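Colleague: Provided below are the primary sequence and the corresponding predicted coordinates.
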Amino acid sequence: MNYKNLVDKLAELAEVDPETVRSILYYLPDVLIQIPLNHWVRTPLGTFRMTRRTPYISRNPQGETVSILPQRLIKFKAGKRLREASD
């Protein structure tokens, strides 16, 4: 399934036009990055949780040490329906 098929299928199931679905999917990341740290949002798809990666020191393939800066991360845990469907 490609993006167009996904949009068409969602539009058909929700009985809305594909442009509305495309718009929702486009703005979803903008909404998810506004989740406060250590909070989560449960959806029928799964749970999205905002966390922070602590800074650490790593080595690149040439052996040089590299400082990895702290980052905000969105973690996703698939919902029950999605997990069961993938078996």
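Modeller: Yep, it's here. The shown structure was predicted, so the numbers you read here are calculated from the model rather than taken from an experiment.
Colleague: quick one: buried residues of the top helix by length along the chain?
Modeller: As assigned by DSSP state H, the longest helix anywhere in the chain is helix 18-32. Within helix 18-32, the residues scored as buried using 16 or more other Cβ atoms under 10 Å are Val21, Arg22. No exception for glycine: its C-beta is placed from N, CA and C like everyone else's.
Colleague: Now tell me what touches that helix from outside.
Modeller: Around helix 18-32, the neighbours that count as contacts under Cβ atoms under 8 Å, 6 or more residues apart in numbering are Val7, Asp8, Leu10, Ala11, Ala14, Val41, Phe48, Ile74.
Colleague: if you average pLDDT over it, what comes out?
Modeller: The average pLDDT within helix 18-32 is 95.
Colleague: Can I get it as PDB, trimmed to CA atoms?
Modeller: C-alpha atoms of helix 18-32 as PDB (Å, rounded to 0.1, in the frame of the first residue of the first chain):
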ATOM      1  CA  PRO A  18      -9.300  12.600   0.300                       C
ATOM      2  CA  GLU A  19      -8.100  16.100   0.600                       C
ATOM      3  CA  THR A  20      -9.300  16.300   4.200                       C
ATOM      4  CA  VAL A  21      -7.400  13.100   5.100                       C
ATOM      5  CA  ARG A  22      -4.300  14.400   3.400                       C
ATOM      6  CA  SER A  23      -4.500  17.600   5.400                       C
ATOM      7  CA  ILE A  24      -4.900  15.700   8.700                       C
ATOM      8  CA  LEU A  25      -1.900  13.400   7.900                       C
ATOM      9  CA  TYR A  26       0.200  16.400   6.900                       C
ATOM     10  CA  TYR A  27      -0.500  18.300  10.200                       C
ATOM     11  CA  LEU A  28      -0.300  15.300  12.500                       C
ATOM     12  CA  PRO A  29       3.500  15.700  13.100                       C
ATOM     13  CA  ASP A  30       3.000  19.400  14.000                       C
ATOM     14  CA  VAL A  31       0.500  18.400  16.700                       C
ATOM     15  CA  LEU A  32       2.600  15.500  18.000                       C
END
